[in-house]
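> generate coordinates for the sequence data below:
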Amino acid sequence: MRAREFITEVSKGHTGSLQQDIALALPGAWKIPALKNQDPYLQYRFGVAIAGAKGAEQRHEDGVPPFEEDKIFGENEIVVSYDPNTGKYIRDALQSMGLPGNDAVQIATMASQEMPDVVKRSPVSGFRGYKK
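Residues are numbered from 1 along each chain as shown. Okay, the predicted model is just below:
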């Protein structure tokens, strides 16, 4: 007896490609010919972009102003470090890449600070104990 005589992968009378049956089992599936599945970096970028698109819609509904790319945190590389020598390291690294070393701009202080609208006082009032 041969395996094909007792193993059936499709219903009787249905032979050929399983593509239509697969499509039925994956509702809401999309094919994107511009994105090939052999480029994981492109897939990663698309995942970030699709999350951004959904987030942009929600922010619009919530009345949040849109993200402005020409601001400090737009397309620029951001480095965060507590090392006081980071500026020197960035300049040296840029110069070793053939880029202008003075291109880096420090945009924050080295001290960790709260946002101006953060309430720094405890919402719980002090307690001196029970009356004796």
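> now the longest helix anywhere in the chain, how far from the chain's geometric center?
Ordering each helix of the chain by length in residues (DSSP state H) puts helix 40-62 first. Distance of helix 40-62 from its chain centroid, counting by CA atoms, centre = their mean, to the nearest Å, is 8 Å.
> and for stretch 78-97?
Offset of stretch 78-97 from its chain centre (CA atoms, centre = their mean): 24 Å.
> sketch out the low-pLDDT regions of this structure for me.
The chain contains residues with pLDDT under 70 at 4, 6-20, 67-75, 132.
> domain assignment for it?
What automatic domain parsing lists as the domains of the chain is 36-67, 69-103.
> any chance of those domains in TSV with distance to residue 28 and mean neighbour count as columns?
C-beta coordinates here come from the backbone N, C-alpha and C atoms, glycine included. Listed next are these as TSV, based on distance: least, CB to CB, whole Å; neighbours: other CB atoms under 10 Å:
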stretch	distance to residue 28	mean neighbour count
domain 36-67	14	10
domain 69-103	31	11
